[in-house]
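Colleague: one predicted model, sequence on top.
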Amino acid sequence: MKKHFRGEITIYLTLTVPILLSLFLGAFEAAKNSAYRVVTDCALRSAIISAFGEYHRELAEQYDLFFIDLSYLTDSASLLNLATRVEERMEENLNPREERLLYARGFFGESEAEVEIESAARATDFLGSELKKQAVYYMKDFVSADFIRDMQSLIRIKESYDLDEKTFDSAVNETSSQQTQIGNSQISKGASEEEVKNIKATSSSDIQFLFVTPLDMMVHKGGMAGVSRQTFNPFDVPSTRKEILSFGNGNYEDILADPSAGIFFNEYVMKKCGNYVHPKEDSYLKYQAEYIFVGSSSDSMNLSMTLHNVFAIRTAANALSIKQDKQKMAVIDVIATALGAVTRVPEKVYEATIILIWAAAESTYDVEDLLNGKKIALIKDGKDFHTSLKGSVSSLTDNACDYSNLLSDSQRKQLPAQTDIGTGNGAASLGSKIKLSYEDYLRLLLMSVPGPVKTLRMMDIMELDIRKTKDNDTFRIDQCVDEAVFVVRVTDESGTQYDLRRNYCY
């Protein structure tokens with residue numbers, strides 16, 4: 001009986017021990033695989049962090065943006081360079097040298113890693129939206145919500161008053177066209193020689209000076225001798241080679257959906273770029289913000305076109321100030337009525353012409369004050385005007401007829417003294433409480449530049465600045481990445497393969 005019982009135990013153990021042993025060995029192998037997967041994951045993360053620690057130093061120091069330059073200061077730029085660096089660091093982590101403190105090759109054995117990059121986000125994705133995303137996130141740490149609200153309010157005020165170059169140019173063109181048409185019709189009706197002289201004078205030279213740029217005026221005065229004449233080669237920057245830029249797989253939907261992103265990026269431009277008031281030294285262009293607005297390769301041209309737009313905004317604002325000032329409008333009405341009676345041209349045409357001339361004359365002073373670092377009210381009160389009506393007409397239109405000679409004695413008596421014209425009490429408005437500097441006008445002008453164009457031009461500036469630094473003469477912004485998806489296959493000593501997929505970004 002005992003022998004029979006012992007035989008049953010032997011059979012039982014023979015059947016159960018292999019099962020228990022296989023279960024134990026299976027659990028051990030599973031634990032080893034699980035541990036090794038953790039090790040490979042840690043090795044991969046460490047390798048990626050190490051590789052992303054090699055961000056471009058000049059780009060970070062000058063513009064506070066973190067991107068990896070795929071060229072690594074060579075003539076060959078490729079995602080393979082980044083993959084190779086991650087692969088090398090993974091090999092070091094998985095197969096440590098014996099002298100290292102955490103040497104553990106005896107437990108896991110030799111391993112091989114193969115790293116590929118599935119996708120990457122480049123700075124130039126969607127015409128610079130990836131770069132813009134970093135810039136916006138950076139500026140959100142510096143710009144308060146109050147600043148955003150103030151800028152949005154200022155933009156609404158500018159739009160509600162139609163204070164822009166288009167309004168100014170259309171007013172000039174419309175007034176000039178009306179004067180020419182009316183002048184021609186009056187001449188064809190056989191007007192007297194004196195009337196013909198007056199008609200021709202008021203339909204040409206009174207308006208012509210408005211087309212002279214403020215920069216030309218100031219150069220003529222000798223006040224702009226220090227304007228930068230620097231230029232750069234416009235044929236090798238991102239904005240001109242946008243058709244052949246390298247693109248990746250950036251994720252920028254949040255930037256496109258953010259209504260305040262444009263204001264944040266505007267402020268980033270103003271913070272990082274030079275302008276006429278605060279020029280950027282040791283750069284291809286000193287007036288970089290003006291370049292982003294205009295897009296010319298010449299500092300002087302960018303400044304000239306920027307001042308033309310500032311001049312136009314100031315002229316539209318000053319025209320509005322004049323229209324709100326009852327004293328000024330009373331004077332203009334007297335002159336326009338007298339001229340209309342003499343030349344048989346509708347007084348409304350003369351009224352519009354005089355307002356434009358006066359507003360433009362005042363704007364030349366405004367632009368000069370802005371360039372000297374002063375702030376000016378968006379909509380002026382009467383007491384803030386520099387110019388008088390008589391001075392505006394006579395000093396800025398040398399060939400124009402003298403309007404005061406056309407007035408009768410009674411009409412001339414209605415005119416206030418010259419020193420009083422331009423110092424009347426203008427209508428108070430919200431715009432009179434807002435004082436803007438030259439840089440504030442630049443902010444407004446930059447808001448009118450389409451987002452992709454603005455970002456491309458900002459990348460032009462970055463690329464040009466980086467190329468002036470040591471060992472970066474071939475730097476290209478479209479070879480910079482800030483995010484990548486890595487696909488890794490690790491093969492251990494036994495031939496077991498481990499597949500990993502990780503995403504990393506700054």
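Modeller: It's in.
Colleague: quick one, grab the pLDDT at E114.
Modeller: E114 carries a pLDDT value of 92.
Colleague: actually, L444.
Modeller: Looking at L444, its pLDDT is 92.
Colleague: give me the below-cutoff pLDDT ranges for the stretch 101-250 of the chain.
Modeller: In the predicted model, the stretch 101-250 of the chain carries pLDDT under 70 at residues 101-109, 165, 168-169, 171-225, 246-248, 250.
Colleague: could you do the stretch 301-450 of the chain as well?
Modeller: The model of the stretch 301-450 of the chain has pLDDT under 70 over residues 389-432.
Colleague: now do the helices in it.
Modeller: Shown for the stretch 301-450 of the chain, the helices assigned by DSSP state H, counting those that start in this stretch span residues 326-343, 347-371, 389-396, 409-413, 438-447.
Colleague: now do the stretch 151-300 of the chain
Modeller: Using DSSP H, counting those that start in this stretch, helices in the stretch 151-300 of the chain cover 165-188, 193-202, 205-208, 214-221, 253-257, 261-272, 288-294, 299-324.
Colleague: name the next helix or strand downstream of the longest helix along the chain, please.
Modeller: In the chain, assigned by DSSP state H, the helix with the most residues is helix 2-52. Next along the chain after helix 2-52, taking DSSP states H and E as the criterion, comes helix 57-63.
Colleague: which strands and helices lie in contact with that following helix?
Modeller: Applying 3 or more Cβ pairs under 8 Å, 6 or more residues apart in numbering; DSSP states H and E, we find helix 57-63 packed against helix 451-467. In this view, the C-beta of every residue, glycine as well, is placed from N, C-alpha and C.
Colleague: endpoints of stretch 440-456, how far apart?
Modeller: End-to-end distance for stretch 440-456, by Cα to Cα, to the nearest Å: 22 Å.
Colleague: got the buried residues for it?
Modeller: Judged by neighbour count (16 or more other Cβ atoms under 10 Å), stretch 440-456 contains these buried residues: 440-447, 449, 451, 453-456.
Colleague: need the helices of the stretch 301-450 of the chain in TSV (columns: distance to E91).
Modeller: Converted to TSV, the helices of the stretch 301-450 of the chain look like this (distance: least, Cβ to Cβ, whole Å):
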stretch	distance to E91
helix 326-343	80
helix 347-371	60
helix 389-396	76
helix 409-413	95
helix 438-447	48
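Colleague: quick one: closest of those to F67.
Modeller: helix 438-447 (23.1 Å; Cβ to Cβ).
Colleague: what are the contacting residues of the closest one?
Modeller: With Cβ atoms under 8 Å, 6 or more residues apart in numbering as the test, helix 438-447 has contacts from 151, 154-155, 158, 262-263, 266-267, 269-270, 275-278, 289-290, 292-293, 306, 309-310, 313, 370-371, 373, 375, 436, 454.
Colleague: go again using 6 Å as the cut-off
Modeller: K158, N266, V277, A289, F293, N309, V310, L370 (Cβ atoms under 6 Å, 6 or more residues apart in numbering).
Colleague: so how far is that helix from its chain's centroid?
Modeller: Offset of helix 438-447 from its chain centre (Cα atoms, centre = their mean, to the nearest Å): 10 Å.
Colleague: quick one: which of the contacts of helix 438-447 is most hemmed in?
Modeller: A289 (30 neighbours; other Cβ atoms under 10 Å).
Colleague: was I right to think that one contacts K271?
Modeller: No - if you go by Cβ atoms under 6 Å, A289 and K271 don't touch, sitting 10.0 Å apart.
Colleague: picking up where we left off before, nearest to Y72, of the contacts of helix 438-447?
Modeller: A289 (31.5 Å).
Colleague: so what pLDDT did that closest one get?
Modeller: Looking at A289, its pLDDT is 97.
Colleague: how about the buried residues of stretch 440-456 in JSON lines, adding distance to L20?
Modeller: Listed next are these as JSON lines, based on distance: Cβ to Cβ, whole Å:
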{"residue": "D440", "distance to L20": "81"}
{"residue": "Y441", "distance to L20": "84"}
{"residue": "L442", "distance to L20": "80"}
{"residue": "R443", "distance to L20": "77"}
{"residue": "L444", "distance to L20": "81"}
{"residue": "L445", "distance to L20": "81"}
{"residue": "L446", "distance to L20": "76"}
{"residue": "M447", "distance to L20": "76"}
{"residue": "V449", "distance to L20": "75"}
{"residue": "G451", "distance to L20": "68"}
{"residue": "V453", "distance to L20": "73"}
{"residue": "K454", "distance to L20": "71"}
{"residue": "T455", "distance to L20": "66"}
{"residue": "L456", "distance to L20": "69"}
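Colleague: ok, and the closest non-adjacent residue to M151?
Modeller: With sequence-adjacent residues excluded and distances taken as Cβ to Cβ, 6 or more residues apart in numbering, M151 is closest to I263, at 5.1 Å.
Colleague: and A135, by the same measure?
Modeller: The shortest distance from A135 to any non-neighbouring residue, by Cβ to Cβ, 6+ apart, is to Y268 (4.4 Å).
Colleague: one more: E112?
Modeller: In this structure, E112 finds its nearest non-sequential neighbour in T491, 4.9 Å apart by Cβ to Cβ, 6+ apart.
Colleague: what kind of secondary structure is V485 in?
Modeller: The local conformation at V485, judged by DSSP: H, G, I helix; E, B strand; the rest coil, is strand.
Colleague: which ones are touching it?
Modeller: Residues near V485 by Cβ under 6 Å, 6+ apart: E118, S119, N503.
Colleague: over to E362?
Modeller: Applying Cβ under 6 Å, 6+ apart to E362 gives the contacts N318, F385, T387.
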